[in-house]
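Visitor: When you get a sec, could you give me coordinates for this:
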Amino acid sequence: MLDKAPNQKLSALLENFGQALAAGDIDKAVSLFQEDCYWRDLVAFTWNIRTMEGRDQIRAMLESQLPGTKPANWAIAESEDATETDGVIEGWITFETDVARGFGHIRVKEGKIWTLLTTMAELKGHEEPIGYARPLGAKHGSGKNRKSWKEERDEEAAELGFSRQPYCVVIGGGQGGIALGARLKQLGVSTIIVEKNERAGDSWRKRYKSLCLHDPVWYDHLPYIDFPRNWPVFSPKDKIGDWLEMYAKVMELNYWTSTEAKSATYDEEKKEWNVVVRRDGKDIVLRPKQLVLATGMSGRPNMPQFRGMERFKGDQHHSSKHPGPDAYAGKKAVVIGSNNSAHDIAAALWEAGADVTMVQRSSTHIVRSDTLMEIGMGALYSEQAVENGISTAKADMIFASIPYRILHEFQIPLYQQMKERDAEFYGGLEKAGFMLDWGDDNSGLFMKYLRRGSGYYIDVGASQLIIDGSIKLKSGSQVEEITEKSVVLEDGTELPADLIVYATGYGSMNGWAAELISQEVADKVGKCWGLGSATTKDPGPWEGEQRNMWKPTQQEALWFHGGNLHQSRHYSQFLALQLKARQEGIPTPVYGMQEVHHLR
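Guide: Residues are numbered from 1 along each chain as shown. The predicted model follows:
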């Protein structure tokens, strides 16, 4: 392998880098980076999720963390070859620290490191029982009163939370809580997942019937168990709900359904939480050392307060509570909002025979699903990518290896291609009066999602209904008031309504902390999500990572886990390793703790 030129170049650089770090020669190590350089670390060096931008930030991190990290054995990953394109060498790498084994990705320009991604793959002595280390399962031999697998599982379920306390409690049993629970289970971290619904997957089943995943199957695998190869590209909500229920069962998660988290307080002296949950008509107090809020990327629904709402005689509800279109055939429906949920609900109502008007109060980014799959995601998450040897795990790492500071530069040309390819489509929308945008810097959907988690629609058909007038559109005007039978806009337009759906989004995840714990703790933690890009709904200063997600917060032993299925899968690994290290008493000196600049 090492007789190939890119491998030789990269191996020599890694050897020099490793020698400098081993000798504690930080100046030499830093000199091996470009002036314009980035080191993104997922737990391995910083016990945090942190991107160091430029040599000065890299030097500061190494001065703090190098003595305790003791990195060694830098090498090109086994069975991998470096590549060189347009003067940039890329390669997969492995390394070790004093307590862990790591995996990473590197880009080299002009002989020096441009981007470096380091991730913790496993803790030494606490590896997952996989491959040759997998459990035997069957108990060969003989012995009196031996317990079967089922008896042991039943005993664990009967004890955990009662005679024996879990190390971790996860509030929220959707995709995020389930993915994290699976990781923790494999690491031997005793965990209870608290879910208010009756069944795992109900957070999907109970939404409007037309809901489906807008992301493709290759992007959405859960840890350990991929979807079957005949799984549909876009999962219907009930199908994904059934998959989550099956997954929770076969991964042997301690999953408490029909359980509502009532309150939580942190005991500073005991270093543990007191979490009160309501289950089977009784209050139960759980005392975990770690508490994770896995309530999704978003917080509580943003229910607007318009003058006169209390007078409305019809049905009105937030999109999160929308029961589906069946009861509204022949009715007049007004959907306030113009992002994903608004489009999905409006289209379903039209299909059911309702007279639908969408109220668009601000511009929206729209990209056609087919175009997004081909241009935006095809290189990493597609059948072609799989055929090209890019597994979902590799795709996750490639995506993670691009620092957020420059990610928009990679996205802008892709969305320009989409704009040109679908020019006729966008022309039709504009002619219908729809207000379009491409993000503050024309970087499109992914950056909007990462910066603010809103402001876009992946078109699966509703846009054509707007173009041809099947879904009526009123854009550019705010809501003035709600009357008994209508929505009145600022420009004087009155929209008769039997149904009003407020597709008005969600607040920050720390809103759940305010509700469960206290407003004081929510403010101590601060806003969740966003990069600090100083773009619309993502105020600065620059953070360089998602605020408060999957990493330590200003509230000891409180964590946030959420996002789409890709993020739930990918980042659950690093959150689980942080929790496992704390359970085992491994020192976890956190570098670059998240500061609080915004409360919500």
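
Visitor: tell me the strands in the stretch 451-600 of the chain, going along the chain?
Guide: Along the stretch 451-600 of the chain, counting by DSSP state E, counting those that start in this stretch, strands occupy 456-459, 472-475, 479-482, 486-489, 494-496, 499-502, 558-560.

Visitor: For Ala158, find the nearest of the ones you listed.
Guide: strand 558-560 (27.2 Å; Cβ to Cβ). Just so you know, the C-beta spots here come from the backbone N, C-alpha and C atoms, and that holds for glycine as well.

Visitor: by contact count, what packs against that closest one?
Guide: Counting contacts by 3 or more Cβ pairs under 8 Å, 6 or more residues apart in numbering; DSSP states H and E, strand 558-560 packs against strand 290-293, helix 519-525, helix 565-583.

Visitor: gap between it and the chain center?
Guide: 14 Å (Cα atoms, centre = their mean, to the nearest Å).

Visitor: ok, back up a step: now tabulate the strands of the stretch 451-600 of the chain in CSV and tack on mean neighbour count.
Guide: Formatted as CSV, these follow (neighbours: other Cβ atoms under 10 Å):
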stretch, mean neighbour count
strand 456-459, 23
strand 472-475, 18
strand 479-482, 19
strand 486-489, 20
strand 494-496, 15
strand 499-502, 24
strand 558-560, 24
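
Visitor: Does Gln305 fall in a helix, a strand, or a coil region?
Guide: Recorded secondary structure, Gln305: coil (DSSP: H, G, I helix; E, B strand; the rest coil).

Visitor: Phi first, then psi, for it.
Guide: phi -120, psi 90 (degrees, to the nearest 10).

Visitor: Let me see the mean pLDDT of stretch 477-497.
Guide: Averaged across stretch 477-497, the pLDDT comes to 96.

Visitor: same check, this time on stretch 514-525
Guide: According to the model, stretch 514-525 has a mean pLDDT of 96.

Visitor: can you pull out the strands in the stretch 101-250 of the chain?
Guide: Using DSSP E, counting those that start in this stretch, strands in the stretch 101-250 of the chain cover 112-123, 168-171, 191-194.

Visitor: Could you dump those into a markdown table with distance to Lys249, mean pLDDT and mean neighbour count added?
Guide: A markdown table is the format used below for those (distance: least, Cβ to Cβ, whole Å; pLDDT from 0 to 100; neighbours: other Cβ atoms under 10 Å):
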| stretch | distance to Lys249 | mean pLDDT | mean neighbour count |
| --- | --- | --- | --- |
| strand 112-123 | 26 | 98 | 21 |
| strand 168-171 | 16 | 98 | 27 |
| strand 191-194 | 12 | 98 | 26 |
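
Visitor: TSV please, covering those strands and showing distance to Trp74.
Guide: What follows is these, written out as TSV (distance: least, Cβ to Cβ, whole Å):
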stretch	distance to Trp74
strand 112-123	10
strand 168-171	33
strand 191-194	34
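
Visitor: Any idea which of the ones you listed gets closest to Ala379?
Guide: strand 112-123 (17.2 Å).

Visitor: Next, the angle from the closest one to helix 565-583.
Guide: 60 degrees (axes from the mean of the first three to the mean of the last three Cα atoms, to 10 degrees).

Visitor: contacting residues around strand 112-123?
Guide: 13, 17, 32-34, 36-45, 88, 95, 97, 99-108, 128, 397, 400-403, 574, 577, 580-581, 584, 586 (Cβ atoms under 8 Å, 6 or more residues apart in numbering).

Visitor: are any of these buried, and which?
Guide: 13, 17, 32-34, 37-45, 95, 97, 99-108, 128, 397, 400-403, 574, 577, 580-581, 586 (16 or more other Cβ atoms under 10 Å).

Visitor: Among those, which ones are in helices?
Guide: 13, 17, 397, 400, 574, 577, 580-581 (DSSP state H).

Visitor: how about these in CSV, adding pLDDT?
Guide: Output for these, formatted as CSV (pLDDT from 0 to 100):
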residue, pLDDT
Leu13, 97
Phe17, 98
Met397, 96
Ala400, 97
Phe574, 98
Leu577, 98
Lys580, 98
Ala581, 98
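
Visitor: could I get these as JSON lines with distance to Met373?
Guide: Output for these, formatted as JSON lines (distance: Cβ to Cβ, whole Å):
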{"residue": "Leu13", "distance to Met373": "36"}
{"residue": "Phe17", "distance to Met373": "38"}
{"residue": "Met397", "distance to Met373": "21"}
{"residue": "Ala400", "distance to Met373": "20"}
{"residue": "Phe574", "distance to Met373": "27"}
{"residue": "Leu577", "distance to Met373": "32"}
{"residue": "Lys580", "distance to Met373": "36"}
{"residue": "Ala581", "distance to Met373": "38"}
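
Visitor: Out of those residues, name the two that are farthest from one another.
Guide: Maximum distance among those (Cβ to Cβ): 32.0 Å, for Leu13 and Lys580.

Visitor: Quick one: neighbours of Lys206, just the number.
Guide: By other Cβ atoms under 10 Å, the residues close to Lys206 number 18.

Visitor: Look up how far Val169 lies from the closest residue to it other than its chain neighbours.
Guide: Excluding its sequence neighbours, the residue lying closest to Lys206 (Cβ to Cβ, 6 or more residues apart in numbering) is Asn197, at 7.0 Å. Distance check for Asn197 against Val169: by Cβ to Cβ, to the nearest Å, it reads 17 Å.

Visitor: Great, nothing more from me.
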